[in-house]
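Peer 1: fold the following for me, if possible:
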Amino acid sequence: MPNDLERQIASVMAKAMALICVRNTCLETVHAGPGVVSHTGDYSDVIVTDANGRQIPWSEVSRISDDEMRELMREIVNRLYTFQLRIGEQEFRDYLDRQLTSTRNWDEPSLDKGLASKG
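Peer 2: Numbering: from 1, shown residues only. Reported below is the predicted structural model:
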């Protein structure tokens, strides 16, 4: 069982990797633009009409294309790879310290019970 210091280190590393390797990627481009308005709050009142005239409920619409997903996964893998290779460099750790100021108000992480579960 991890001790408190190990949990604290894991929390900082998780936030750093999420920010640097996932959030600050082409995902920001996919996320950019106006959001949709839902009066029900669950988007059941939002319908997308495509170029062929099909009306698709918001909950069923793919909001990222295969090409965008491929680009996103490549960028995340490359960033995770670079992160792991550079974590020992003081210059990179200084960069992380500066970036981590934006995660101060993030929730603390919790264990994902489904990831490599014992049961």
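Peer 1: so after the least confident helix or strand in the chain by mean pLDDT, what's the next helix or strand?
Peer 2: Comparing every helix and strand of the chain by mean pLDDT, DSSP states H and E singles out helix 27-31 as the least confident one, with a mean of 87. Going down the chain from helix 27-31, the next helix or strand is strand 47-49, by DSSP states H and E.
Peer 1: tell me the mean pLDDT for the helix or strand encompassing Lys15?
Peer 2: Assigned by DSSP H and E, Lys15 falls within helix 4-17. Summarised as a single mean, pLDDT over helix 4-17 is 93.
Peer 1: switch to numbering from 775
Peer 2: I'll keep to 775 as the first residue from here, and by that count the last item is helix 778-791.
Peer 1: give the buried residues for the least confident helix or strand of the chain.
Peer 2: Of the residues in helix 801-805, those buried by neighbour count under the rule 16 or more other Cβ atoms under 10 Å are Leu801. C-beta coordinates here come from the backbone N, C-alpha and C atoms, glycine included.
Peer 1: who are the packing partners of that helix?
Peer 2: Applying 3 or more Cβ pairs under 8 Å, 6 or more residues apart in numbering; DSSP states H and E, one finds that helix 801-805 contacts helix 840-860.
Peer 1: contacts for the helix it packs on, please.
Peer 2: Outside helix 840-860, the residues that touch it by Cβ atoms under 8 Å, 6 or more residues apart in numbering are Ala790, Met791, Ile794, Cys795, Val796, Thr799, Cys800, Leu801, Val804, Ile838, Phe866.
Peer 1: rewinding a little: the helix holding Lys789 packs against which elements?
Peer 2: Using 3+ Cβ pairs under 8 Å, 6+ apart: helix 778-791 touches helix 840-860.
Peer 1: the inter-axis angle of the helix it packs on versus helix 778-791?
Peer 2: 130 degrees (axes from the mean of the first three to the mean of the last three Cα atoms, to 10 degrees).
Peer 1: now the next helix or strand after helix 840-860: mean pLDDT?
Peer 2: Scanning the chain past helix 840-860 towards its C-terminal end, the next helix or strand to appear is helix 864-873 (assignment: DSSP H and E). Within the predicted structure, the mean pLDDT of helix 864-873 is 95.
Peer 1: nice, that's everything, thank you.
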